[in-house]
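S.K.: Sharing a model prediction with you, sequence too.
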Amino acid sequence: MPFTVTMPKLSPTMEEGVIAKWRKKEGEFTEAGEVLLEITTDKATVEHTALDEGFLRKILIPAGKEALINQPIAIFTAEMQESIEGYEPEGIKPAKKKVPPQAGVEVEQREEEVVAPMRQEMLFSPEPPLEHYVFEESEAMIASPLAKRLAKEKHLDISAVKGTGPGGRITSDDLTAALPKSVVSFGKKERPTLPPGTYEEIPLTPMRKAIGKRLQASKSTIPHFYVTQKIDASALVRFREELKRLNFAQITFNDMIIRAAALALRKHPAINTGFNSANQNLILFKTIDISVAVTIEGGLVTPIIRHADFKNLGEISTEMRKVAEKAHQGKLKEEEYRGGSFCVSNLGMFGISEFIAVINPPQSAILAVGGIQEEAIVREERVVPGKTLSLTLSCDHRVIDGTAAALFLKTLKEILENPIALSI
């Protein structure tokens with residue numbers, strides 16, 4: 001008899017998935033445990049195996065399209081000759097609703113089964129492109145054929161020449177005011193072919209949707225406050241140079257930040273906390289598991305360094321490189337990104353001096369790390385060249401008070417300005 005295959009739930013936060021690729025074609029037999037298709041979730045693209053054997057009779061959701069959890073995606077039969085005519089696939093059926101027409105087009109929109117607690121009510125649409133926009137001809141570029149030919153032969157730039165001919169036309173006599181063409185030129189450039197305001201719309205990937213929902217809810221419901229501390233990074237730079245000399249070149253400043261944050265969290269457990277918005281309870285994490293923001297194609301993920309305070313710099317560095325590589329390959333396992341008690345987000349490698357980050361719930365804090373900057377600093381009452389590093393802690397004020405945040409950053413500053421502590 002026919003049976004239905006529905007969209008599986010492949011991650012705790014997954015609400016829908018995109019069919020990346022069908023590994024089987026309609027009419028083909030599939031063994032139980034054999035890879036049936038690839039699905040892009042909010043975390044990665046993963047292979048999904050068939051739970052039961054049978055013949056793939058009809059693909060309901062083609063590659064490139066999305067489906068909600070438990071929505072039918074294919075019909076199977078135990079025998080190839082079985083009829084599927086009149087068979088009603090099992091699973092949820094997304095409702096359709098009419099939305100007001102826009103730009104003369106009536107659109108049908110799927111009504112989500114799961115609605116984010118906070119959603120943007122106002123709808124904004126971009127203005128249509130200026131199809132009839134006319135590019136005005138610059139007066140300076142209206143020139144007689146003779147003037148154009150002479151300017152080309154003598155390599156003269158006539159873009160800034162004021163024409164004295166009829167209608168402002170540039171004549172050969174006006175070329176005396178032209179300058180030779182050079183590397184720096186204000187000459188006429190090629191005109192664009194697209195009308196101003198031209199755009200295209202691209203559907204959000206499951207990952208971008210998940211990021212948007214999670215962080216919109218974070219900024220909308222969590223009372224953020226921010227504390228910034230600038231540290232003298234001169235000793236930290238010298239420490240890394242010494243590590244390179246000792247053949248530990250793979251250890252990065254980010255590894256040092258993770259290690260320092262873990263040690264500081266051990267001393268300030270009030271920062272290693274979270275908030276359960278379902279029951280309004282404070283979460284006291286018993287272990288220090290640091291989530292690290294990693295940018296990947298299409299979004300970002302936060303692989304976790306578990307028990308970070310028990311790992312030395314070398315162990316943190318090795319583990320960080322492994323999970324970062326798996327993140328870029330879309331091969332992180334659930335236990336490698338689910339959870340975490342504190343988060344580090346580092347944009348220093350991109351030359352950013354400082355920034356503030358959005359808290360990743362249910363955690364109550366996230367550390368934003370800028371790049372090391374060369375600045376004049378005061379040392380022993382003298383202004384000298386130095387290197388600085390800016391750290392900004394975003395905190396959930398329901399859980400953390402300003403004093404606790406300040407004391408945590410003070411400890412973090414002491415550790416990073418005396419990096420020998422990182423090797424203990």
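M.R.: Perfect, I can see it now.

S.K.: Do you have the strands of the stretch 1-150 of the chain handy? List them.
M.R.: 2-6, 16-22, 29-30, 35-40, 45-49, 54-59, 66-68, 72-77, 96-102, 105-110 (DSSP state E, counting those that start in this stretch).

S.K.: Of those strands, which is nearest Arg259?
M.R.: strand 45-49 (31.4 Å; C-beta to C-beta). Bear in mind the C-beta positions are built from the backbone N, C-alpha and C, glycine included.

S.K.: which other helices and strands contact the closest one?
M.R.: strand 35-40 (3 or more C-beta pairs under 8 Å, 6 or more residues apart in numbering; DSSP states H and E).

S.K.: number of nearby residues for the residue lying closest to Leu284 once chain neighbours are set aside?
M.R.: Nearest non-adjacent residue to Leu284, counting by C-beta to C-beta, 6 or more residues apart in numbering: Thr273, 5.9 Å away. Here the count is done by other C-beta atoms under 10 Å, and Thr273 has 22 residues near it.

S.K.: Which residue would you name as the spatial centre of the protein?
M.R.: Closest to where the C-alpha atoms of the chain average out (C-alpha atoms, centre = their mean) is Gly299, at 3.0 Å.

S.K.: any idea where the helices of the stretch 151-300 of the chain begin and end?
M.R.: 206-221, 234-245, 253-267 (DSSP state H, counting those that start in this stretch).

S.K.: quick one: buried residues of the first one?
M.R.: Yep, that's helix 206-221 we're talking about. 206-207, 209-211, 213, 216-218 (16 or more other C-beta atoms under 10 Å).

S.K.: contacts for that helix?
M.R.: Outside helix 206-221, the residues that touch it by C-beta atoms under 8 Å, 6 or more residues apart in numbering are 13-18, 40-43, 66, 116-120, 204, 277, 298-300, 358-361.

S.K.: Got a ChimeraX select line for the buried ones in those?
M.R.: To isolate the buried members of the contacts of helix 206-221 in ChimeraX, using 16+ other C-beta under 10 Å:
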select :14,15,16,17,18,40,41,42,43,66,299,358,359,360,361
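
S.K.: what about the residue nearest to Leu284, distance to Leu412?
M.R.: Separation of Thr273 from Leu412 (C-beta to C-beta, to the nearest Å) stands at 16 Å.

S.K.: next one: Gly351
M.R.: 22 Å.

S.K.: shouldn't Ala421 be in contact with Ala262?
M.R.: No: counting by C-beta atoms under 8 Å, Ala421 stays clear of Ala262, with 11.5 Å between them.

S.K.: picking that back up, dump the helices of the stretch 151-300 of the chain into TSV; add distance to Ile288 as well.
M.R.: Formatted as TSV, the helices of the stretch 151-300 of the chain follow (distance: least, C-beta to C-beta, whole Å):
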stretch	distance to Ile288
helix 206-221	21
helix 234-245	21
helix 253-267	5
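
S.K.: Worst mean pLDDT among those?
M.R.: Of all those, the minimum mean pLDDT falls on helix 206-221 (a mean of 86).

S.K.: follow-up on the earlier one: name the nearest of the buried residues of helix 206-221 relative to Phe29.
M.R.: Distances from Phe29 to those, taken by C-beta to C-beta, are shortest for Pro206, at 29.6 Å.

S.K.: out of the buried residues of helix 206-221, who's nearest Asn247?
M.R.: Met207 (37.5 Å).

S.K.: Look up the closest residue to the closest one, ignoring the ones flanking it.
M.R.: In space, Met207 is closest to Gly299, 4.1 Å off (C-beta to C-beta, 6+ apart).

S.K.: which stretches of the stretch 301-424 of the chain form strands?
M.R.: 304-305, 342-346, 365-369, 373-379, 382-396.

S.K.: Domain map for the protein?
M.R.: 2-96, 139-180, 222-423 (automatic domain parsing).
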